[in-house]
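Participant: I'll drop the sequence and a predicted model, then ask my questions.
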Amino acid sequence: MSQPRPLPLTFPLHGTRLIEASAGTGKTFTLAALYLRLVLGHGGQAAFRQPLLPPEILVVTFTEAATEELRERIRDRLAEAARVFAAPQAHKPDVILQGLLDDYADDEQRRHCAQRLNAAAQWMDEAAIYTIHGFCNRMLKQHAFDSGSLFSLELQEDASDEQQLAACDYWRNVIAGFPVSAANALQASKLGHPEALLAQCRPLLGLGGTDPDTLPESVQRWLDASGPQAALEQSARATLNAELPALFDWVRSARDNKWLNGNSYRASSLPGMLLTLERYAAGEVLSDKDYDTLSRFSTTGMKLTKKGEEHRPGFAFCDQLDQVLEQREQTALPRTDLLAHAAAWIGKRVDRMRRQTATMGFDDMLSRLHGALHGDNGARLAQVIRDQFPVALIDEFQDTDPTQYGIFSALYQHRDDTGWFMIGDPKQAIYAFRGADVFTYLQARRATEGHHYTLGRNFRSATPMVAAVNRLFEYSQDTHGDVFMMDNAIPFEAVEAQGRKDTLLVDGEIKSGVTLWVEDSDKAISSGVYRQHQAARCATEITHLLNGAGQGVTGFREGQRFTPLRPRDIAVLVRDRTEARAIRDALLARGVRSVYLSDQDSVFAQPEAQDLLLILRACASPESDVRVRSALASGTLSLPYQELDRINRDEVRWEAMVNRFHGYREQWRQQGVLPMFRGLLMDFSVPARLQRSLDGERAFTNLLHLAELLQQAATQLDGEQALIRYLEDTVNDQRGSNNDSILRLESDDDRVKVITIHKSKGLEYPVVYLPFICSFRAAEKSKPPLRYHRKGQDNAHLVVSLEPDDDIERLADHERLAEDMRLLYVALTRACHSCTLGLAPYAKGRAQQNQLPRSAIGRLLFGPQGVANDQLLAALGPLSDDAITVIPAPPGNDEVYQPVNTVVRLREPEIFPRHPRTPWWIASYSALRQMEEPLAPADARADQLAETEPEPVQKPMMETATAGVHAFPRGALPGTLLHDLLEHAANQGFRTCLDAPEEMDKRVRQQLEARHWQDHNTTVMQWWRRTLTTPLPLQQERIRLADLDRPVAEMEFLLPAEQVPVTRLDALIREHLYPGQPRPRLEADTLNGMLKGFMDLVFEHRGHYYVLDYKSNWLGPDDDAYGDDALIEALLEHRYEVQYALYLLALHRLLRSRLGNDYHPDAHLGGAVYVFLRGLGAPSAGTVFSAAPTALVEALDRLFLGDAHAK
């Protein structure tokens, strides 16, 4: 393929200029060419005033992916150009590079250019290629003083919590001051609480135009009138209470005697109408609909028959009701003005919150830079940024908005000493729902009049495809005029075709560029039927093409080479997930696999999430027969009915299954939910079964995705039940906490691609189908808010209407159709070879008439008037030519895809080499424990000895806890709770807590209730008091925690460790602490780096310094389990003596550094106290005291200094 035709090499590289690039015309290639010239300083009079390097050329685009693609494309182009300039004879340069070579004909010039280009290519990692948000964020931070911003700002993507807080503030500060009658009116209008108010005003956030500090006049007038209105209603209610029995009697007589109009007072609705009267008399707040009901009892609103006119009632209430209704109409709630004020106030409050907390959202990045550039210091800030980036290239400029345009206008507009080049295509402006504003693009176009440039050659599509698109839009423009419905501000200009070397053949014949399937019908076809018919047709056609590819008659021919069509060559473009589901189901029914590339659904809304909930409940509670059976019957495990019946009838099978789920629970507790669930899936052969299903890959991806999300959530939750509650709540809400919950792509391996038109922009596909192109979403006044633009003198301004009328509906729908036309252009230009569209006399909703002209394709082909239902095919006759085929819509059939079997050769699996431990690392006591080898089974104690290990599945009856702290839950989480309580008491002062226990008891209740352990309130309250008052043994005496003077809790230490052999460390401790007693060995390793730890408590008593550590281990069901021998055995089993030896070493070094020469270990270093918190009632007080062996401490000191033979 020949290279794209670039902009002229004489294109001026200064000033403000606009480049319009139709689809497929080499926009990125052109941008790279401009970049190349800026680096070289090329162009003579058209050149920029100086050559630039990558950090000086600002390139802005709108997605992170696009920035990376641009960076690599420009880097490659610079490197390619450097090679060409270095050795011109060894390359075949394209027209751009050849033109540059011609302009730098001297060998020395070319050598200099090659060096500069090569340097720029290597500098591309620092190139200023950003998204618009990335650019604004950098400018705010880099120029904090000039922009009035902070140096460090945290990104807060979701503003919903802050908006909710601001809405509550608005309610307190503004709404709470309204009279009761006004508050009642808000409630009647469904604005009765902050959440409802925020939901209604959210579309107005960020629009501005309303003073947040002053109530609108209309709202103030409404408030002023609310008092008289309330008095009038109070009088009417009093009158009604007096006349209510008589009024009811008259209504019954009128009903029996047929005085009332039967259509207005139906027998079925009359009781409800009378109930509304009673509610009004009782003083209830009524809705607008209720007042409509009341109006039928007013003097002027009452509908009587001719016979009934003679019996018209004379109730005073009916007359007063007329006055009430008239006053209500005159003093109606100015809803839009109030919501606009609320939106402005909330926006200002959120901005204030974010400035106070040094945070900002994506919109804040733009608005703050825009505000800074247009503020008092704006001129200085603009000059600083211009000095940093003299030239800016803005890609995809049709997707800009007023704020973005205002930023770059302030920087570069109408300046010859800078360059501002906007590149875009207004025909592809399709992101209004994201805030993009085509009217801003048109404003920029007017501002650059006389400086417009056009790319006019399509390099993407085959000649017939380009010709077909040209023909369609030129035909519409010539026949119906103003094809893009923007008062001819966006005319269609045909492009030339560069052509392609390959040709698409279908059944051996060359395929035309565009094919129109036309379904004529005497009656309009409803949207549901249209979707069903088109999905069947499209799926049938795709199946036929793929089967033809297998037979060698459908594919791409390039010279003598033929490449069969593959599923991945085909894309079906849709508007939404409903259409995507229709075509995917139709394809699946014919054996064709597809992938939906635009799925934004949450994985928690999928059926696999419900199955996972059943499975986790069974794993957490295997003793529940109901939960285990529910899991086995889930669609994910999908046990055959015969197998389920055998398990139910056979006790041995059932017991084995229950034991399996007990094992899953243990694995869950020890390894986490993700390893457990993966093992469960393999045990039940779920992957193998799903692989045999056409849609199984989707289900399996969802299952693994859910398990990963739960594994992440488990780090913030306490236990299995908390995780199950989290999953249950999330499934019920069908939401995720962030983008991580959006469905993942199951596979894109040779599948038909289904993608929304919006997401397809910028992509290309060999074969494209638009089966549902007649569908549209009309703007309806019954579904506010509606958006439209009000044209001003210089520009059109966005208006959001919350109470639209017919005129606003018409304006909004006109803009909707104009954007749909641009969306149609984007869809048609995605195709490289062929695009097929499905047409029919389309009827939307309850309408019976053909609404095809309200769709973009209908407007394009038939104009605003349309044609008769059965005349579509005839009306399109003039369009048919070599590039466009118009045929009756083919019927769908049940042809099934027969893929050709191919042998796929797999590579040998790569083996991951195990790397040695990093030479320098930070270790801890926990890390040492993880190295240890397990004891032989004969020496093992029960699993309960380890506080972090789970409880066994079955506990012997003899070990059932009796009462008190022994019955308190075991494990890491309960232990952490007890530690936290004692740490808090130490920080507050043990004596203080004991003298005033209320605050401590409150904390206990809060902590226990948060974990659903409130049944243990009394136990834990008694326990902490006992812990503080139990005498603990030291060397020759006992001391209570409550008597300690200024203990230090959670003292952190870092000890340097220079090549410390763990085996030598272990040997020293075995020699000096409890010599001869068995304990686990520490694995051979080397500590080199730092040893880090936290000591639970460090205290001084009578000149001696001690370390104290709390242990929450459960050793048995009562105090007898905490004898001296049992404590020593537990201490050694878990190698706690290693821990306190290291603690004593840390304390030794601290005292030596603080006391200097006055420090003597024998005199100052007291020892270690280990308190087993569940054994305070035992004769041992649950305490082990160990004096500090000076010889051990000094040996460890030498060992950690690098003396591997320390003794």
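Facilitator: Nice, thanks for sending it over.
Participant: From here on, just use CA atoms for contacts and neighbour counts.
Facilitator: Will do.
Participant: For the closest residue to W1024 other than its chain neighbours, which phi and psi angles does the backbone take?
Facilitator: By the measure of CA to CA, 6 or more residues apart in numbering, the closest residue to W1024 outside its immediate chain neighbours is L982, 7.6 Å from it. Main-chain torsions, L982, degrees, to the nearest 10: phi -70, psi -40.
Participant: so how far is R1003 from L982?
Facilitator: 11 Å (CA to CA, to the nearest Å).
Participant: swap in K306?
Facilitator: The value you get for K306 to R1003, if CA to CA is used, is 76 Å.
Participant: cool, and S594?
Facilitator: 56 Å.
Participant: Quick one, grab the pLDDT at the residue nearest to W1024.
Facilitator: Looking at L982, its pLDDT is 95.
Participant: Quick one: neighbours of it, just the number.
Facilitator: Residues lying near L982 (other CA atoms under 10 Å) number 20.
Participant: now M273
Facilitator: 18.
Participant: Quick one: classify the closest residue to it other than its chain neighbours as helix, strand or coil.
Facilitator: Leaving aside its sequence neighbours, M273 sits nearest to T293 (CA to CA, 6+ apart; 6.3 Å). Assigned state for T293: helix (three-state reduction, DSSP: H, G, I helix; E, B strand; the rest coil).
Participant: For I615, see how far away the residue at the greatest distance from the centre of the chain is.
Facilitator: Relative to the centre of the chain, and counting by CA atoms, centre = their mean, the farthest-placed residue is E310 at 67.6 Å. Distance, E310 to I615, by CA to CA: 73 Å.
Participant: now do L215
Facilitator: Taking CA to CA, one finds L215 at 56 Å from I615.
Participant: These two: who's more crowded?
Facilitator: Relative neighbour count places I615 above the other of L215 and I615, with 25 against 16, counting by other CA under 10 Å.
Participant: That one sits in which helix or strand?
Facilitator: Element membership for I615 (DSSP states H and E) is helix 607-620.
Participant: for this structure, what's the longest strand?
Facilitator: strand 1086-1101 (DSSP state E).
Participant: That strand packs against which elements?
Facilitator: Contact partners of strand 1086-1101 among helices and strands, from 3 or more CA pairs under 8 Å, 6 or more residues apart in numbering; DSSP states H and E: strand 921-924, strand 1048-1061, strand 1104-1111.
Participant: Just checking: what are the partner strands of the first one?
Facilitator: Each strand paired with strand 921-924, and its direction, by DSSP bridges: strand 1086-1101 (parallel).
Participant: how big is the angle separating the partner strand from strand 1104-1111?
Facilitator: 110 degrees (axes from the mean of the first three to the mean of the last three CA atoms, to 10 degrees).
Participant: Could you check the angle strand 1086-1101 makes with strand 1048-1061?
Facilitator: Using the same axes, to 10 degrees: strand 1086-1101 against strand 1048-1061 is 150 degrees.
Participant: Can you pull out the residues in contact with strand 1086-1101?
Facilitator: 919-925, 983, 1044-1062, 1105-1110, 1143 (CA atoms under 8 Å, 6 or more residues apart in numbering).
Participant: List the single closest residue to E815 in space, sequence neighbours excluded.
Facilitator: Closest to E815 by CA to CA, 6+ apart is Y788, at 6.7 Å.
Participant: ignore the last one, A166
Facilitator: Distance criterion CA to CA, 6+ apart; nearest residue to A166, sequence neighbours excluded, is I346 at 5.3 Å.
Participant: What distance do you get for that neighbour to L207?
Facilitator: In terms of CA to CA, I346 sits 12 Å off from L207.
Participant: quick one: which of the two has more around it?
Facilitator: Set side by side, I346 and L207 show more neighbours around I346, with 27 against 14, by other CA under 10 Å.
Participant: after the strand or helix carrying that one comes which helix or strand?
Facilitator: Assigned by DSSP H and E, I346 belongs to helix 335-356. Once helix 335-356 ends, the next helix or strand along the chain (criterion: DSSP H and E) is strand 359-360.
Participant: contacting residues around that following strand?
Facilitator: 153-157, 354.
Participant: Mark which of the residues you listed are part of strands, please.
Facilitator: 154-155.
Participant: For the contacts of strand 359-360, which single residue is the most surrounded?
Facilitator: Counting neighbours by other CA under 10 Å, R354 leads the contacts of strand 359-360 with 20 neighbours.
Participant: now the residue nearest to it when sequence neighbours are not counted, which residues is it bridged with?
Facilitator: Using CA to CA, 6+ apart and skipping the chain neighbours, the partner closest in space to R354 is M360 (5.8 Å). Following DSSP bridges, M360 is listed with bridge partners L155.
Participant: From C168, how far off is M360?
Facilitator: 20 Å.
Participant: who has more neighbours, those two?
Facilitator: Taking other CA under 10 Å, M360 and C168 do not tie; M360 has more neighbours (22 against 19).
Participant: Would you mind naming the helix or strand containing L97?
Facilitator: helix 95-103.
Participant: And the helix or strand harbouring L545, what's buried?
Facilitator: If you go by DSSP H and E, L545 is part of helix 527-550. For helix 527-550, a neighbour-count test (16 or more other CA atoms under 10 Å) marks 527, 530-531, 533-550 as buried.
Participant: likewise stretch 384-391?
Facilitator: For stretch 384-391, using 16+ other CA under 10 Å, the buried residues are 384, 386, 389-391.
Participant: Got phi/psi on G555?
Facilitator: Dihedral angles for G555 - degrees, to the nearest 10 - are phi 170, psi -160.
Participant: so what's the closest residue to S461 other than its chain neighbours up against?
Facilitator: Distances taken as CA to CA, 6+ apart put C832 closest to S461, at 4.0 Å, once the chain neighbours are dropped. With contacts defined as CA under 8 Å, 6+ apart, C832 is in contact with 460-462, 465, 764-767.
Participant: Let me see the contact set for L13.
Facilitator: 34, 38, 43, 46-48, 419.
Participant: next one: Y769
Facilitator: Residues near Y769 by CA under 8 Å, 6+ apart: 538, 570-573, 835-837.
Participant: Mind putting the residues you listed into CSV with secondary structure?
Facilitator: Shown next, in CSV, are those (three-state DSSP):
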residue, secondary structure
C538, helix
I570, strand
A571, strand
V572, strand
L573, strand
C835, strand
T836, strand
L837, strand
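Participant: List just the nearest of the residues you listed to V754.
Facilitator: Checking those against V754 by CA to CA gives V572 as the nearest, at 4.8 Å.
Participant: For V754, see how far away the residue nearest to G508 when sequence neighbours are not counted is.
Facilitator: In space, and not counting its chain neighbours, G508 is closest to V553: 4.9 Å by CA to CA, 6+ apart. Taking CA to CA as the measure, V553 falls 24 Å from V754.
Participant: So the two - more neighbours on which side?
Facilitator: V754 (26 against 20).
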